[in-house]
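Undergrad: For reference, the sequence and a predicted model appear below.
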Amino acid sequence: MDQAFVQAPEHRPKAVIAEAAGIPVIDLSPLAAGDQAGVEALAAEVGRASREWGFFVVLRHGVPDDTMARALEAQRAFFAMPAERKAAVRRDAVAPLGYYESEHTKNVRDWKEVFDFFPREPPPPAPAAVADGELVFVNKWPQDLPGFREALEEYAKAMEELALKLLELIARSLGLPPDRLHGFFKDDDHQKKTTFVRLNHYPPCPSPDLALGVTRHKDAGALTVLHQDDVGGLDVRRRSDGEWVRVRPVPGSLVVNVGDIVQVWSNDRYQSAEHRASVNSRKERFSLPYFFNPGSGAMIEPLEELVSDDSPPRYRAYNWGAFFRTKRNSNFKKLAVENLQIAHFKKDLDQAHLVE
Ligand SMILES: O=C(O)CCC(=O)C(=O)O
Ligand SMILES: [Fe+2]
């Protein structure tokens, strides 16, 4: 195996990973039933899960079975194509969407191949912006895979509906009006969208003890809603003791995690948990995350309702669009510097007290 895949000893997965016993499993059927008390109880569960784990598993989430089945079939069909057909939609330095087989997370190569698309594609940027080095978020659909685009667009639509409902539950759980966070997302200006869908394929790996499908990381956006197949490999760093534990695949479920943005909005009430994808030597694995992100113009900072003199903001405001572009670029260019993290916006509260 190429050295580029080898993790530093302290980051290699142990031979046996314990199951994430006790990870919250939340039945979302009260959403469809629409009874107020049921929804409030649900919000409390989502709040507890976001505080204690940053991750939870949802059941009866309302995504139609056939929508799901078509998307999963499209995902398998895409990665089964010969390398040269995948290369025809490969991403490049200026246009980061499409196929990619050489992603680095924290500068170690991931044992995976991916396909990324924006469900709401922005119009092409002005030539001057391109000349300026601005990234071009244009979807690269394979020409010769009938139904692929349609199946994934339908899936993304179902994901958007679900993500908005989850966002409302998060808002309620923080004691805010359910639509408090909508403004960050419901921007009709397509130019500003940054939500994307990723198709992950982890081929069997000869050295699953040395490599990872996705190196340990936190998701930078607001919410991630992920489908995983029945193989298993999603590991979460458990908040209570820092151990890596595996999220067991549950048929019909989706895995939700709150990203860095929710952590910042909540002023650290909620946790964006570190996670990774382990690989295995016998089986390939597929996962399908939907990264629900605000518009690129959004300024991210602790919500004013959640800060006070006693509980001052723990982060400085940052522009999401600039953060997103820098992060995408550094994962592509494999910069020798530490990746951009929200920790860079963390206030040193003692000093903030003196200087502000
Ligand atoms: O494949 C998985 O289970 C996790 C993937 C992941 O964390 C990511 O793509 O950000
Ligand atoms: Fe992730």
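TA: Noted; the coordinates are in hand. Ligands and ions are numbered 1, 2, ... in the order given.
Undergrad: And Ala44, which helix or strand is it part of?
TA: Assessed by DSSP states H and E, Ala44 sits inside helix 36-52.
Undergrad: Under the pLDDT cut-off, which ranges of the stretch 101-250 of the chain? List them.
TA: Filtered on pLDDT under 70, the stretch 101-250 of the chain yields the residue ranges 186-191.
Undergrad: What is the neighbour count of the residue in it that ligand 1 sits nearest to?
TA: Per CB to the nearest ligand atom, Leu234 is where the stretch 101-250 of the chain lies closest to ligand 1, at 3.4 Å. Yep, even glycine has a C-beta here, placed from its N, CA and C like the rest. By the measure other CB atoms under 10 Å, the count of residues near Leu234 is 25.
Undergrad: I'd assumed Gln228 was in contact with it.
TA: Yes. In this structure, Leu234 is within contact of Gln228 by CB atoms under 8 Å, at 5.7 Å.
Undergrad: shared neighbours, these two?
TA: By CB atoms under 8 Å, 6 or more residues apart in numbering, Leu234 and Gln228 have these common neighbours: 247, 255, 287.
Undergrad: near ligand 1, from those residues?
TA: Taking CB under 6 Å from any ligand atom as the test, ligand 1 is in contact with Ser287 out of these.
Undergrad: How about the contacts made by Val247?
TA: Shown in contact with Val247 (CB under 8 Å, 6+ apart): 20, 23, 55, 57, 228, 232, 234-236, 255.
Undergrad: Need the phi and psi values for it.
TA: For Val247, the backbone dihedrals are phi -80, psi 110 (criterion: degrees, to the nearest 10).
Undergrad: how far away is the nearest residue to it once chain neighbours are set aside from Glu73?
TA: Spatially, and ignoring its direct neighbours in sequence, Val247 is nearest to Leu234 (4.5 Å; CB to CB, 6 or more residues apart in numbering). Leu234 sits at a distance of 21 Å from Glu73 (criterion: CB to CB, to the nearest Å).
Undergrad: Show me what from the stretch 101-250 of the chain comes close to ligand 1.
TA: When proximity is defined as CB under 6 Å from any ligand atom, the stretch 101-250 of the chain approaches ligand 1 at 198, 200, 214, 219, 226, 228, 234.
Undergrad: and the residue nearest to Val247, what is it in contact with?
TA: For Leu234, the contact set (CB under 8 Å, 6+ apart) comprises 226, 228, 246-247, 255, 275, 277, 287.
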